[in-house]
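# A predicted structure for the sequence below; I have some questions about it.
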Amino acid sequence: MSQYKKAFKKAFPYTIPVLTGYLFIGIAFGVMYAEKGYSFLWAMLMSVLVYAGSGQYLAVNFFVPGISFVQVVFLTFMVNVRHIFYGISLVERFNKIGKSRWYMIFALTDETYSLLCTTKVPKDVDESKFLFAISVLDHSYWVLGSVIGAVAGTLLPISSEGIDFAMTALFVVIFIEQWIDKKNRIPAIIGVTMATISLLIFGANNFVPPAMLAIMTLLFVGRKKLDKEESICH
């Protein structure tokens, strides 16, 4: 147990940026969820069991008449399909971790993935426990923010109009940080280019599925070349 305590203590400073971000976007989600008439307990349960970030924001709109199960499945898949690539890049690392890898696969968000890939594990800490601590801490921040937002949305007259932009703002910040940190910017360029082309062709309401499909195809086809470029950059 002392090893886990040490791992959490060492991991916490690296997760502070995620803490500040997740508290605010978690609060935004909680407010939106409470506005639909749901208890903060449901918001907490959803954040514990679903924990999908932008997927949870999208899910708020599923609790209205007229949304079919097929639409829910399709939209959720398209929004979170990027996690497939996250998982592929961490398969070898996760296989060495043990049973905790199942939770870490579940807890693999954009921000956690970024930390797992860029954070150097301290020499005096077990790697598997350190990575596990990062995942648990990030998850706890999201749950805490969701509960705070849901309670505030229930007790206070807060309007959720425009509040869903918090997630968009967070993605923009992540993109900028990755752009500055990475020398190999080809994946980012592919993403921006395909999203822009799809937006122009299909419009603002329909561009996400074709954009994601195009991005996945290009990244899959050019995976070996991109991996080579990544190794050269490092």
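Good, I have the coordinates. The structure presented is a predicted model; accordingly, all values stated were derived computationally and were not measured.
# Okay, domains of this protein per the record?
2-163, 182-234 (automatic domain parsing).
# looking at the ones you listed, which is closest to V173?
When these are compared by C-beta to C-beta, domain 2-163 sits nearest V173, at 7.4 Å. (Glycine included, C-beta is placed from N, CA and C.)
# What mean pLDDT does that closest one get?
Over the span of domain 2-163, the pLDDT mean works out to 84.
# same check, this time on stretch 203-216
Across stretch 203-216, the average pLDDT comes to 80.
# List the contacts of it.
74, 78-79, 81-82, 84-85, 190-191, 194-195, 197-199, 201-202 (C-beta atoms under 8 Å, 6 or more residues apart in numbering).
# Among the residues you listed, which are located in helices?
Judged by DSSP state H, helices contain the following of the contacts of stretch 203-216: 74, 78-79, 82, 84-85, 190-191, 194-195, 197-199, 201-202.
# Now which of the contacts of stretch 203-216 would you call buried?
Among these, those scoring as buried are 78-79, 82, 85, 190-191, 194-195, 198 (criterion: 16 or more other C-beta atoms under 10 Å).
# Just give me how far the longest helix seen in the chain sits from the chain centre.
Looking across the chain with DSSP H, the single longest helix is helix 2-35. On the basis of C-alpha atoms, centre = their mean, to the nearest Å, helix 2-35 sits 12 Å off its chain's mean C-alpha point.
# Which neighbouring elements make contact with the helix or strand just after it?
Downstream of helix 2-35, the next assigned helix or strand under DSSP states H and E is helix 40-49. When contacts are defined as 3 or more C-beta pairs under 8 Å, 6 or more residues apart in numbering; DSSP states H and E, helix 40-49 packs onto helix 2-35, helix 54-60, helix 127-155.
# Go again with 6 Å.
In terms of contacts (3 or more C-beta pairs under 6 Å, 6 or more residues apart in numbering; DSSP states H and E), helix 40-49 is packed against helix 127-155.
# what is the orientation angle of the helix it packs on with helix 40-49?
For helix 127-155 against helix 40-49, the angle by axes from the mean of the first three to the mean of the last three C-alpha atoms, to 10 degrees is 160 degrees.
# Tell me the helices and strands packed up against helix 127-155.
Contacts defined by 3+ C-beta pairs under 6 Å, 6+ apart place helix 127-155 against helix 2-35, helix 40-49, helix 110-118.
# tell me the angle of that helix relative to helix 2-35?
30 degrees.
# quick one: buried residues of helix 127-155?
For helix 127-155, by 16+ other C-beta under 10 Å, it's 128-139, 141-151, 153-154.
# Neighbours of G26, how many?
Number of residues near G26 (other C-beta atoms under 10 Å) recorded here: 25.
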